[in-house]
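Trainee: Sequence plus predicted model, see below.
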Amino acid sequence: MGPVVMGLCSGTHDSAAALIADGRLIGLVEEERLNGIKHTKAYPELAIAWLLNAADLTASDVTDVAYNFAPGGYLKGAAPLRHLRPGTAGRAWPRARSFAAVHRRAAGRLIGFGRHFPRATLHGVEHHRAHALYAFAACPFDEAAVLVVDSLGETTTTSICTGARAQQGVVLGGRWSLADPASLGYAYGAVTEHLGWRRGDEEGTVMALAALGDPGRFRALLAQAIPLTGEAFALDPQLFPLRVISSRYPRLSPAFIAATCPPRPPAEPPTQIHADLAAALQERTEQVMIHLARQARYRTSQKHLCLGGGVAMNCVSIGKITEHAGFDEVFVPPAPGDSGTAAGAALHAHQHRAPQPAAGVQGECYLGPAYDGLDLTGQPRPGMTARRPADPARHLAHQLAEGEIVGVFRGRLEAGPRALGNRSILASPLRPDVVHRLNAKVKFREPFRPFAPVILADKAAEYFTLGQPAPYMSFASRVTNLAREQIPAIVHANGLARVQTLTPGQNPFLDAVLRAFHEITGVPVLINTSLNIKGKPICGTPAHALDCLSESGIDALLLEDWWVTQR
């Protein structure tokens, strides 16, 4: 038997585990989906247990453990001298101490992993390498430019390289990188927190709010705060103070706050000034991302682009890259954030030990647990009833056409932040009140938040201008006049929609539902949002799905092939 590699993201946020055995990616599972704690940093013991059980292995069978950080890399940030200058000197020593402390914690964490896997060799994998390996391995291209943009990986915040497939695995070459304190993820998170939402969780809410604002109000300030350079960008330390990895040190300066607005208490509703600041931040982020993508094209001469890192989840920016950066096609993997680096770290270790590249990564997104064989005869819970429709896909399509909002929990769990049909809430986009119902009575979230459409791939050009596949809901696309007229519910205030295109091979059941809905209504589009409510992760277990049915305003739940309702 070849190497058995466990890749881990643990101790920071979005804990996850990935397992490669018998030359194949067995799975990639976020711990939050199983323990119910959103963005958990806990050791992913439930994910590991499922992966080992799925492969019929034990912890003693694991030959390699790959951690999604290289602890020694933090020591570069522990040198204060380069920051002993006006504007940064006051934070230089606290910053150095914080990086040294993170190094100690990361090194101890890696050693600790060894106690769980007694026969394994331990690998600390450079964070941006883990991002890039997974992003490229999952893509459909033989070679591409790879751009990774996040908040911080050891001391790197942005990197560009080429990816190519070789006999042994993925080869990454021509690496260029940008070091902290120039960090787009840091800046976006800082303003997200200032605007009253959770940094590292609710940046998407700020992106949605931006559509309601006027970027001109703070355009000059954001251009000063995040100036473009010939190669990339920078952060003005007078507005975004030098990073110290401690919550005691604010991420925005008094000058930034004085020039914008006081911090918004989360309990108070956002006002126009908050929307205007969000709009300026989003506009500047798009400009920086387009600039970086063009730099990637210039540096690599590649026709295709893969993106990874937390900022790659900013779907509006990714949509703008497809329009303005000059690539033939752009790809974002299903898990571009840190959970995906569990798979990237595992790929790094595997291809150093195995003669062939790992299978099961390219084009795969349904990588978590399934719960086949559920028997819900009788009452799944008090007050609930369950029955099995003869044709679940057609039954679901009819109920959606009648205006019901239905949760779907079928097959293997998706990897990444987007529900892609197996852990989804589906609704008809033809109902005029559907967005209000979903936000107010199902998801319990802000009324300005939009909902994403899923469409049959062969019909996508009739409704969206994207012009390329979007299997993982990674791109915000402009819409056609037909979409505006026929399904305005899926069009956000900025005229965009975060589209998912679907072929029969990607998800046969969801494809069957869409085709039946198209047959009934004449529209090949459904609203697809994640099976959860605000503040909770996507449902990863049947118990979580039943909780969602009882706690939200969905009308029914299709749990595997069981139609579950509340009496």
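Mentor: Now that the structure is in, tell me what you want to look at.
Trainee: Can you name the residues bridging to Phe233?
Mentor: Leu228 (DSSP bridges).
Trainee: What of Ile425?
Mentor: Under the criterion used (DSSP bridges), Ile425 bridges to Gly407, Thr529.
Trainee: quick one: it from Phe409, how far?
Mentor: Separation of Ile425 from Phe409 (Cβ to Cβ, to the nearest Å): 10 Å. Using the backbone N, CA and C atoms, a C-beta is placed for each residue, glycine as well.
Trainee: Ala401 too?
Mentor: For Ala401 relative to Phe409 (Cβ to Cβ), the value is 21 Å.
Trainee: Check Pro357 too.
Mentor: Remark: distance between Pro357 and Phe409 (Cβ to Cβ) = 32 Å.
Trainee: Of those two, which one has the most company?
Mentor: Set side by side, Pro357 and Phe409 show more neighbours around Phe409, with 28 against 18, by other Cβ atoms under 10 Å.
Trainee: ok now do the more buried one, which residues does it touch?
Mentor: By Cβ atoms under 8 Å, 6 or more residues apart in numbering, the residues touching Phe409 are 371, 422-423, 531, 539, 542, 545, 557-560.
Trainee: Ok, Asp61 next?
Mentor: Per Cβ under 8 Å, 6+ apart, neighbours of Asp61: 4, 52, 119.
Trainee: Kindly report the same for Leu195.
Mentor: Leu195 neighbours (Cβ under 8 Å, 6+ apart): 206, 209, 264, 270, 274, 277-278.
Trainee: before we move on, what about Pro429?
Mentor: Here Pro429 is in contact with 453, 487, 489-490, 523, 525-527 (Cβ under 8 Å, 6+ apart).
Trainee: Can you show me the CA trace of stretch 468-475 as CSV?
Mentor: Provided in CSV are the C-alpha atoms of stretch 468-475 (Å, rounded to 0.1, in the frame of the first residue of the first chain):
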residue,chain,number,x,y,z
GLN,A,468,-17.7,30.2,-18.8
PRO,A,469,-18.6,27.3,-16.4
ALA,A,470,-19.3,28.2,-12.8
PRO,A,471,-19.8,24.9,-11.1
TYR,A,472,-18.9,26.1,-7.6
MET,A,473,-20.9,29.3,-7.4
SER,A,474,-17.6,31.3,-7.4
PHE,A,475,-18.5,34.2,-9.8
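Trainee: which of the residues in it are buried?
Mentor: Neighbour-count burial for stretch 468-475 flags 469-475 (criterion: 16 or more other Cβ atoms under 10 Å).
Trainee: nearest residue to Leu466 other than its sequence neighbours?
Mentor: Ser477 (3.8 Å; Cβ to Cβ, 6 or more residues apart in numbering).
Trainee: Report the beta-bridge partner residues of that neighbour.
Mentor: Counting by DSSP bridges, Ser477 forms beta bridges with Ala497.
Trainee: For it, the count of nearby residues, please.
Mentor: The number of residues packed near Ser477 is 26, by other Cβ under 10 Å.
Trainee: Reformat the contacts of Leu195 as CSV; add secondary structure, distance to Val434 and pLDDT.
Mentor: Formatted as CSV, these follow (DSSP: H, G, I helix; E, B strand; the rest coil; distance: Cβ to Cβ, whole Å; pLDDT from 0 to 100):
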residue, secondary structure, distance to Val434, pLDDT
Val206, helix, 24, 98
Leu209, helix, 20, 98
Arg264, coil, 28, 98
Pro270, coil, 23, 98
His274, helix, 26, 98
Leu277, helix, 29, 98
Ala278, helix, 24, 98
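Trainee: farthest residue from the center of the chain?
Mentor: No residue in the chain sits farther from the centre than Gly378, which is 37.5 Å out by Cα atoms, centre = their mean.
Trainee: Take the contacts of Phe409 and keep only those in strands.
Mentor: 423, 557-559 (DSSP state E).
Trainee: Nearest to Ala190 among the residues you listed?
Mentor: Nearest to Ala190 among the ones in strands among the contacts of Phe409: Arg423, at 31.0 Å, using Cβ to Cβ.
Trainee: Quick check: the gap between the nearest residue to that closest one once chain neighbours are set aside and Val406.
Mentor: Distances taken as Cβ to Cβ, 6+ apart put Leu531 closest to Arg423, at 4.5 Å, once the chain neighbours are dropped. Leu531 sits 10 Å away from Val406, going by Cβ to Cβ.
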